[in-house]
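Trainee: predicted model, plus sequence, below.
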Amino acid sequence: MTPHSSQSPPLVGVLALQGDVREHLAALRASGVDAVAVRRPEELDRCDALVLPGGESTTIAKLARIFELVEPIRARIAAGMPVFGTCAGMILLADRIEDGVVGQETFGGLDITVRRNAFGRQVDSFEGPVHVRGIAEPVHGVFIRAPWVEEIGPDVEVLARVSSSGGAGAAAVPGEAGAEASRIVAVRQGRVIATSFHPEVGDDHRVHDLFVDLVRRDLGRTSADRT
Ligand code: GLN
């Protein structure tokens, strides 16, 4: 079932327990969809897709448990709802975490092992161009205490890598650097996309456009299936 009318633009929720919710709402609207903050299961039910923002994954996970959103979000992901996680959101989508806190929960859905705060103290935060598969020109990647993807399962597609030393020279073209010198920072598995960086920061919404395309295709497929 598609919760939203097929006549109107897709409705994309942003999990609004903690983190940079406003930036995602603005980026999604700029990409041409309706966007709404999600704090309760009833709000999730109305959404065609969900964004998990950057912030602090341990806090978001704890609040999601308190707000009784963990099982509903897991169920929607399992049912094929498109989801896009950035930074903390990537951690929340990972099936496995390295350097998490004891008992840290995730929604899961991405067959990856993610390493929290992976780029280390010296390069806590850095920015640089990132080549993302499916986007012609590099996007400006903003990394803030970012995770990287340590391991991927067979169904996971790598969308972007950067040099593991971070810093201003973080740019790396997929496949150009050696595997040990470059780290996976964007992935896709079916309808789930995640980035280590924050495409919601700034005016460049091409990564959101990529996700919105996926949402629109998913809705087209779903309505075609129903007729
Ligand atoms: N280090 C944070 C975490 O573990 C993520 C940082 C971010 O989202 N900018 O959740």
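Mentor: That came in fine, so what should we check first? Fair warning: this is a prediction, and the values are worked out from it, not measured in the lab.

Trainee: just list whatever residues bridge to the residue most central in space within the chain.
Mentor: Centroid-nearest residue in the chain: residue 85, 1.7 Å away (criterion: C-alpha atoms, centre = their mean). Counting by DSSP bridges, residue 85 is bridged to residue 52, residue 194.

Trainee: cool, residue 161 as well?
Mentor: Those that pair with residue 161 in a beta bridge, by DSSP bridges, are residue 184.

Trainee: that one touches residue 187, doesn't it?
Mentor: No: with contact defined as C-beta atoms under 8 Å, residue 161 does not count as touching residue 187 (10.3 Å). For the C-beta atoms, the positions are set from N, CA and C on the backbone; glycine is no exception.

Trainee: could you list the low-confidence segments of the protein?
Mentor: 1-7, 121-123, 165-181, 221-227 (pLDDT under 70).

Trainee: who in it is up against the ligand?
Mentor: Neighbours of the ligand within the chain, by C-beta under 6 Å from any ligand atom: 54-57, 87-88, 91, 116-117, 144-145.

Trainee: residue contacts, residue 67?
Mentor: For residue 67, the contacting residues are 17, 39-40, by C-beta atoms under 8 Å, 6 or more residues apart in numbering.

Trainee: just those residues now: which is nearest the ligand?
Mentor: Relative to the ligand, the closest of the contacts of residue 67 is residue 17; by C-beta to the nearest ligand atom it sits at 12.3 Å.

Trainee: what residues are up against the closest one?
Mentor: 39, 59-60, 63-64, 67, 69.

Trainee: by neighbour count, which of those residues wins?
Mentor: Within these, most neighbours by other C-beta atoms under 10 Å means residue 60, with 26 neighbours.

Trainee: and which of the contacts of residue 17 is nearest to residue 105?
Mentor: residue 64 (7.9 Å; C-beta to C-beta).

Trainee: and that closest one, what element?
Mentor: helix 57-66 (DSSP states H and E).

Trainee: which helices and strands does whichever helix or strand comes after that helix pack with?
Mentor: Heading C-terminal from helix 57-66, the first helix or strand you meet, by DSSP H and E, is helix 70-78. Helices and strands touching helix 70-78, as assessed by 3 or more C-beta pairs under 8 Å, 6 or more residues apart in numbering; DSSP states H and E, comprise helix 41-45, helix 57-66.

Trainee: now helix 70-78, how far from the chain's geometric center?
Mentor: 15 Å (C-alpha atoms, centre = their mean, to the nearest Å).

Trainee: same question for stretch 93-101.
Mentor: On C-alpha atoms, centre = their mean, the centre of stretch 93-101 falls 14 Å from that of its chain.

Trainee: next, the buried residues of it.
Mentor: Neighbour-count burial for stretch 93-101, counted by 16 or more other C-beta atoms under 10 Å, picks out 93-94, 96-97, 100.

Trainee: which strands or helices does the helix holding residue 64 pack on?
Mentor: helix 70-78, helix 88-93.

Trainee: buried stuff in the longest helix seen in the chain?
Mentor: Secondary structure of the chain per DSSP state H: the longest helix is helix 206-226. When burial is assessed from 16+ other C-beta under 10 Å, helix 206-226 yields the following buried residues: 206-212, 214-216, 218-219.
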